[in-house]
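Novice: below: sequence and its predicted model.
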Amino acid sequence: MHRLKPSLQFRKSITYTYVTLARHFSTHQTRFDHVGPMASLLKSRSVVRFRGPDTVKFLQGLLTNDVQRFCESPGEMTSTLVTPNVPFISDSPMYALMLTPQGRFLYDLFLYRPARASEKLDRTGSGPGSDPGGRLELLADVDATVLDELLERFNKYRLRADVVIENVAEEFSCWQRYGENLTEKFSSAEEPEAASVGWGGAVDPAGTSSSHGNSHGWQWFKDPRLDSLGFRGIFPSNTTPPLVEADKETDEKNYLLWRLEKGVAEGSTEILKGEAVPLEYNLAGLNAISFDKGCYVGQELIARTHHRGVIRKRLLPLKFLDDSGKEMEQKVAPGSEVINAVSGKKAGTVTTALECHGLGLLRLEEALKGPSKLTIQGQEDVKVEAIRPEWWPTEWFQEYQQDTASA
């Protein structure tokens, strides 16, 4: 999705390395090729609500992204669809991180701003609803395994801020809708009523009945990280989201495989809590970090690493194979070390593994030497193939070239 000007000229050996990189990180077919839309209830995620006059100010000083956007006037990042079910002003969700003071990863959050009543048609469909207070609230889907800890940490920082932080996991659920070329085939601008659950006049009867009495219109949004990840949304727990057919709902494990094949980690288990450096986990490329906003907790390390421009390790999709190239399932566990079979040098660590797929934080210098050179320490029969995600910006390889040249 990012395109840069042609790279600088380097000596022949470095140029060869880059060509070799392109060859080793070639695109590959996946199990989801030619598979239609799927949807998964994300039981691994819970929902938290922030509300109160200081909500944006409070989160702005803690999170890596520019939460102030939720206070701005409608612009390019907002939907302005006028239908009974969808609010006529609808902010896109935001992906953001909470870090330690040392700049290490703690939690990831997907932030949504539910529409105010004044931004939607009322129940009669004749005009905007009534919203006397005009109160801003934000919903966040977060890693369910660290929910209590996350709430405790946010409340620790709250001090005198006028913001209420609530666990609303029983009221709301998080869903993901994904599949091959889904975002290309579907446009909410063309089918706004199908993208939402609301209370409008007979536009979506199933949605209307299932969400009757609800004060919000709930809808799918493009995943704020990558278009190829599909659509994400928060919906009332007693509601099946629109466009989710019974035969299309599938286990969350398939969403994990979808992410693994694209090289995208999620949550405090896959992105090691208290240890992970966000830029090494490609989180800047996933729109989780604003380099233009003011100060936030952990900003110093992020800014210094970003402006230095050299990242020697990155999270990569991995595939586990035998000597003949056949996929090996359930052979590798998270925490396994990836080594160069020839030199014996450690290349990195497997962070996530499922079936024959995984994610690994690898030193690019070792990862670029090709799949035949990488294996699992203590399991030399398992070969490791590192795969280049199609969404990776070209400049990440240029950074590697320049670093290698200077070395």
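Specialist: Arrived safely.

Novice: give me the neighbour count for the residue nearest to residue 389 when sequence neighbours are not counted.
Specialist: Counting by C-beta to C-beta, 6 or more residues apart in numbering, residue 389 lies nearest to residue 263, which is 4.0 Å off, once chain neighbours are set aside. Heads up, the C-betas are built off the backbone N, CA and C, glycines and all. Residues within reach of residue 263, counting by other C-beta atoms under 10 Å, total 25.

Novice: pull the contacting residues for residue 263.
Specialist: For residue 263, the contact set (C-beta atoms under 8 Å, 6 or more residues apart in numbering) comprises 282, 315, 316, 317, 359, 387, 389, 392.

Novice: and the closest residue to the last one other than its chain neighbours, how far is that from residue 224?
Specialist: Once flanking residues are discounted, residue 392 sits nearest to residue 285: 7.1 Å by C-beta to C-beta, 6+ apart. Distance, residue 285 to residue 224, using C-beta to C-beta, to the nearest Å: 12 Å.

Novice: where are the low-confidence patches of this structure?
Specialist: The model of the chain has pLDDT under 70 over residues 1-35, 73-90, 116-134, 181, 183-217, 370-372, 397-407.

Novice: all helices of it, in order?
Specialist: In the chain, the helices defined using DSSP state H lie at 12-24, 55-60, 147-158, 182-185, 205-210, 252-262, 267-270, 299-308, 364-367, 395-406.

Novice: enumerate the positions of the third one that are buried.
Specialist: It stands for helix 147-158. Buried positions in helix 147-158, judged by neighbour count with 16 or more other C-beta atoms under 10 Å: 147, 150, 151, 154, 158.

Novice: can I get the residues you listed in CSV with distance to residue 302?
Specialist: Formatted as CSV, the buried residues of helix 147-158 follow (distance: C-beta to C-beta, whole Å):
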residue, distance to residue 302
147, 25
150, 20
151, 24
154, 20
158, 23
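
Novice: quick check, nearest of those residues to residue 310?
Specialist: Nearest to residue 310, judged by C-beta to C-beta, of these is residue 150 at 31.7 Å.

Novice: ok, which stretches of the stretch 101-250 of the chain are strands?
Specialist: 105-112, 137-143, 164-167, 172-178, 196-197, 218-219, 221-222, 231-236 (DSSP state E, counting those that start in this stretch).

Novice: among these, which is nearest residue 365?
Specialist: Across the strands of the stretch 101-250 of the chain, closest to residue 365 is strand 105-112 (C-beta to C-beta), at 23.3 Å.

Novice: mind listing what the residue nearest to the spatial centre of the chain touches?
Specialist: Computing the C-alpha centroid of the chain and ranking residues by C-alpha atoms, centre = their mean puts residue 225 first, at 4.6 Å. Counting by C-beta under 8 Å, 6+ apart, residue 225 makes contact with 95, 264, 286, 287, 288.

Novice: likewise for residue 260?
Specialist: Going by C-beta under 8 Å, 6+ apart, residue 260 touches 317, 352, 354, 357, 358, 359.

Novice: 6 Å instead, please
Specialist: Residue 260 makes contacts with 357, 359, as judged by C-beta atoms under 6 Å, 6 or more residues apart in numbering.

Novice: tell me how far it lies from residue 319.
Specialist: 9 Å.

Novice: do the same with residue 38
Specialist: Distance, residue 38 to residue 319, by C-beta to C-beta: 21 Å.

Novice: do the same with residue 143
Specialist: In this view, residue 143 and residue 319 are 26 Å apart by C-beta to C-beta.
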